[in-house]
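**Student:** Pasted the sequence and its predicted model underneath.
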Amino acid sequence: ADEAGAGDARRDARADDAVLRVALVGKPNAGKSSLLNRLVGSERSLVHDQPGTTTDPVDTPLSYGGKDYLLVDTAGIRRRARVEGATEKLSVTLALAQIERADVVVLVIDAHGGVSEQDARLAGLIEESGRAVVIALNKADLLAGPGAGRATLRQTSDELHFLAYAPRQLVSALRGDGVGELFRRVDAAGQQHRRRIATSDLNRFFADVCERYPPTSRGGKLVTVHYLTQGGVRPPTFLLWANRADLVDEAYRRFVVNQLRARYGFSGTPLRVVIKAKARERAPRRAAGRKRK
């Protein structure tokens with residue numbers, strides 16, 4: 001826990017206006033390099049129709065809307081059982097490392113092919129990492145028929161339900177459709193990832209939540225929640241202080257996360273709620289011993 005806290009402190013110490021690092025991740029041939037080239041307006045990454053052509057991450061500075069960003073193109077990731085050759089194994093390792101280095105991860109999915117098992121696995125890795133995330137459904141130009149785009153968005157929500165907070169955008173790296181909106185979503189997710197709620201506002205919010213929905217008692221023992229504080233950002237992390245941390249179950253922690261989202265939004269970023277035990281206040285100690293005669 002101490003090491004995790006130190007890591008949060010190091011990330012929190014970075015200036016709020018630091019350059020936003022954006023990593024593009026996805027399966028081979030999902031169109032990550034084409035998307036990066038569309039964003040920067042030049043052929044910065046090698047594009048080929050064979051899966052896994054990109055083998056090394058390529059950091060690309062980008063100025064957009066008066067702000068500076070760093071785009072990170074990553075090698076295609078496929079299931080380990082299908083990884084062949086030392087070069088592709090290295091590319092997988094590098095791509096996973098880029099998730100850890102990023103502020104916002106764009107999960108690029110082939111909209112025409114739909115969400116695969118590997119896409120879901122990558123989404124899980126991103127969620128676990130605590131990075132902000134936006135889902136780019138690329139190759140939308142290949143979708144045919146009225147309502148195909150809406151159907152694809154719904155399917156993505158169903159398949160990646162644990163990333164319900166992640167904005168989804170249909171894009172076409174080939175034609176440029178939706179790319180501008182995608183980047184606006186990335187920028188907004190980065191801001192939410194760094195967002196800190198004023199303590200006074202958080203206190204009012206949580207007092208109301210506790211009054212309406214107090215935690216249930218367990219085994220005849222009363223669970224008392226004292227207060228909620230924000231312990232850090234990237235991702236926004238909240239500390240829930242209770243008399244018995246071991247009695248606050250996972251369902252109530254998820255409930256608090258949902259209440260935070262309902263009140264503050266936090267679109268595009270995971271939230272962390274850590275249960276902490278508040279030390280009991282000790283009664284004043286009586287004078288020890290008897291008076292000497």
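**Tutor:** Looks like it arrived, so ask away.

**Student:** Apart from its neighbours in sequence, what residue is nearest Val274?
**Tutor:** Using C-beta to C-beta, 6 or more residues apart in numbering and skipping the chain neighbours, the partner closest in space to Val274 is Leu239 (5.4 Å). Every residue, glycine included, has its C-beta placed from N, CA and C.

**Student:** what's near enough to touch that neighbour?
**Tutor:** Applying C-beta atoms under 8 Å, 6 or more residues apart in numbering, one finds that Leu239 lies in contact with Leu228, Thr229, Gln230, Gly231, Val273, Val274, Lys276.

**Student:** do the same with Val72
**Tutor:** Going by C-beta under 8 Å, 6+ apart, the list of residues near Val72 reads Arg21, Val22, Ala23, Leu24, Pro57, Val58, Asp59, Thr60, Gln98, Arg101, Ala102.

**Student:** Am I right that it is in a strand?
**Tutor:** Yes: under DSSP: H, G, I helix; E, B strand; the rest coil, Val72 falls within a strand.

**Student:** Find the nearest non-adjacent residue to it, please.
**Tutor:** Here the residue nearest Val72, using C-beta to C-beta, 6+ apart, is Ala23, at 4.4 Å.

**Student:** who's in contact with the one you found?
**Tutor:** Neighbouring residues of Ala23 by C-beta under 8 Å, 6+ apart: Val72, Thr74, Gln98, Ile99, Arg101, Ala102, Val104, Val105, Val106, Arg131.

**Student:** Leu70 contacts Asp59, correct?
**Tutor:** Yes: using C-beta atoms under 8 Å, Leu70 is in contact with Asp59, at 5.7 Å.

**Student:** Neighbour count for the two, which is higher?
**Tutor:** Just comparing Leu70 and Asp59: by other C-beta atoms under 10 Å the higher neighbour count belongs to Leu70, 17 against 13.

**Student:** Which parts of the stretch 51-200 of the chain are helices?
**Tutor:** For the stretch 51-200 of the chain, applying DSSP state H, counting those that start in this stretch gives helices covering 86-101, 117-129, 148-159, 179-193, 199-212.

**Student:** quick one: the third one to helix 117-129, angle?
**Tutor:** Orientation note: helix 148-159 sits at an angle of 60 degrees relative to helix 117-129 (axes from the mean of the first three to the mean of the last three C-alpha atoms, to 10 degrees).

**Student:** what comes up buried for helix 148-159?
**Tutor:** Thr152, Leu153, Thr156, Glu159 (16 or more other C-beta atoms under 10 Å).

**Student:** which one is the second one nearest to, not counting chain neighbours?
**Tutor:** By that I understand Leu153. Arg168 (5.5 Å).

**Student:** and that neighbour, how far is that from Pro61?
**Tutor:** Using C-beta to C-beta, to the nearest Å, Arg168 is found at 27 Å from Pro61.

**Student:** Nothing else from me, thank you.
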